[in-house]
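Q: What follows is a protein structure lacking sequence information:
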């Protein structure tokens, strides 16, 4: 349990967060610009933007003793590290990541006391070790390239018909996403086009990764079709405010929510604002969010036997088979509780976000294609991410994978 935050520290944090909320749009725009530059292979220009964000965060918010500061600062560093890795600048990437963990320890103000987690993070992010892992992933995909292509060609099917059939058979259809909110996601477009058919297949609710304390925003949206900015600004919890605003200002996600509203689905918030920033990387080391989301969905499933959920959530929470080193995900918890759950992972190439070698094998995929993992046995055993992120699972951690054509 985290120690209580002294009033003085809490006040300082609130003031600093207020400044961050007011001034962070430039930070976000820099990240967006840098991502586009990476897509254009203009790595040096992207690197300068990422460096400016790190400097901006360091100069403005080193006094902010709250995890959003650490998260945003380290998000910039991780992005820059990816750029450096693409240029084989392993030692400089290693230095950036080591500094991230040093700052976590120095700035945590007693909020991150799990020294084992921090030490584990350092070991995971040792870039010399990571380079060997990345090379191993490339070799693994190269070795099985023929089998993977054959499985995609043989078992690939239309996502819409498969997902509708899955909705008919299950009480929870978990559709993962990659948190890409820039209005460019084909996966969100698929979700938008699906909501009416999923309703016809028995769905009654759409559960989303929004703090349940802000159900009032979703209720207002369900009634009116618009987001009440005055309600949005009324958030008193910092983490709640940041996550809610990001969610409800995303054109991609709002298209999905609008389609669900028009289909007549009850839209419910199931996340826990108090657990959004647990550990250095946005809750990945904490079980609180997954437990809360599973419990909120299970309560409705139990109280209303006719209820069925479309659960639209970050793909990591959609995993139904998790490595023993890691904690259980919401979808896995629901399945263990006896609910019929089907989970889906999207693989959609986004600039600067995912360099998985799978994308080099799908030149002949011209339309979104769903591949069931119980049939594609080779693909199911390959790693889903090729990244510095520490908790990579195999594709088989989900029931199916939707592969989107590369642009």
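A: That came in fine, so what should we check first? What you are looking at is a predicted structure, and each value in this text was computed from that prediction instead of being measured.

Q: Going by neighbour count, list what's buried in the host helix or strand of residue 150.
A: In the assignment (DSSP states H and E), residue 150 maps to helix 145-155. Judged by neighbour count using 16 or more other CB atoms under 10 Å, the buried positions of helix 145-155 are 148, 149, 151, 152, 155. In this view, the C-beta of every residue, glycine as well, is placed from N, C-alpha and C.

Q: do stretch 335-346 as well
A: Within stretch 335-346, the residues that count as buried by 16+ other CB under 10 Å are 335, 339, 341, 342, 343, 344, 345, 346.

Q: swap in stretch 190-204?
A: By neighbour count on 16+ other CB under 10 Å, the buried set for stretch 190-204 is 190, 191, 192, 194, 195, 196, 198, 199, 201, 202, 203, 204.

Q: Would you mind checking which of those residues is nearest to residue 307?
A: residue 204 (4.8 Å; CB to CB).

Q: and the helix holding residue 150, what does it pack onto?
A: Secondary-structure packing of helix 145-155 (3 or more CB pairs under 8 Å, 6 or more residues apart in numbering; DSSP states H and E): strand 369-372, helix 377-380.

Q: ok, then the element right after it?
A: Moving toward the C-terminus from helix 145-155, the next helix or strand (DSSP H and E) is helix 159-169.

Q: Are there helices or strands packed against whatever helix or strand comes next after that next one, and which ones?
A: Using DSSP H and E, the helix or strand that follows helix 159-169 in sequence is strand 172-177. With contacts taken as 3+ CB pairs under 8 Å, 6+ apart, strand 172-177 sits against helix 159-169, helix 186-200, strand 309-314, helix 330-336, strand 341-347.

Q: mind checking which of the ones you listed is nearest residue 259?
A: The nearest among the helices and strands packed on strand 172-177, by CB to CB, is helix 186-200 at 3.9 Å.

Q: which residues are contacting that closest one?
A: Residues outside helix 186-200 that contact it (CB atoms under 8 Å, 6 or more residues apart in numbering) are 159-160, 163-164, 167, 173, 175, 177-178, 180, 206, 252-253, 255-256, 258-260, 262-265, 310, 312, 346, 348, 368, 402, 404.

Q: now swap in stretch 137-149 and tell me
A: Stretch 137-149 is contacted by residues 357, 358, 360, 361, 364, 376, 378, 379, 382, 383, 386 when judged by CB under 8 Å, 6+ apart.

Q: again, 7 Å this time
A: The contact list for stretch 137-149 (CB atoms under 7 Å, 6 or more residues apart in numbering) reads 357, 358, 361, 378, 379, 382, 383, 386.

Q: Can you tell me which of those end up in helices?
A: Within those, residues falling in helices by DSSP state H are 378, 379.

Q: Drop anything exposed from the contacts of stretch 137-149.
A: Using 16+ other CB under 10 Å, the buried ones in the contacts of stretch 137-149 are 357, 358, 361, 378, 379, 382, 383, 386.

Q: Buried residues of stretch 319-335, list them for me.
A: Buried residues in stretch 319-335 (16+ other CB under 10 Å): 319-322, 326-335.

Q: pLDDT of that stretch, averaged?
A: Averaging pLDDT along stretch 319-335 gives 83.

Q: what's the first-to-last distance across that stretch?
A: Start to finish, the residues bounding stretch 319-335 are 11 Å apart (CA to CA, to the nearest Å).

Q: and the buried residues of stretch 319-335, which two are the farthest apart?
A: Spanning the widest gap among the buried residues of stretch 319-335 are 326 and 334, at 16.9 Å by CB to CB.

Q: Touching, residue 164 and residue 202? I think so.
A: No. Judged on CB atoms under 7 Å, residue 164 makes no contact with residue 202 at a distance of 9.6 Å.

Q: how about the nearest residue to residue 201, chain neighbours excluded?
A: Nearest non-adjacent residue to residue 201, counting by CB to CB, 6 or more residues apart in numbering: residue 167, 3.9 Å away.

Q: Does that neighbour touch residue 206 like I think?
A: No. Under the criterion of CB under 7 Å, residue 167 is not in contact with residue 206, lying 11.7 Å apart.

Q: thinking again about what came up before, make TSV from the buried residues of stretch 190-204 and add pLDDT and distance to residue 305 to it.
A: Shown next, in TSV, are the buried residues of stretch 190-204 (pLDDT from 0 to 100; distance: CB to CB, whole Å):
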residue	pLDDT	distance to residue 305
190	96	29
191	96	26
192	96	29
194	97	24
195	98	22
196	98	23
198	98	19
199	98	18
201	98	17
202	98	12
203	98	15
204	98	11
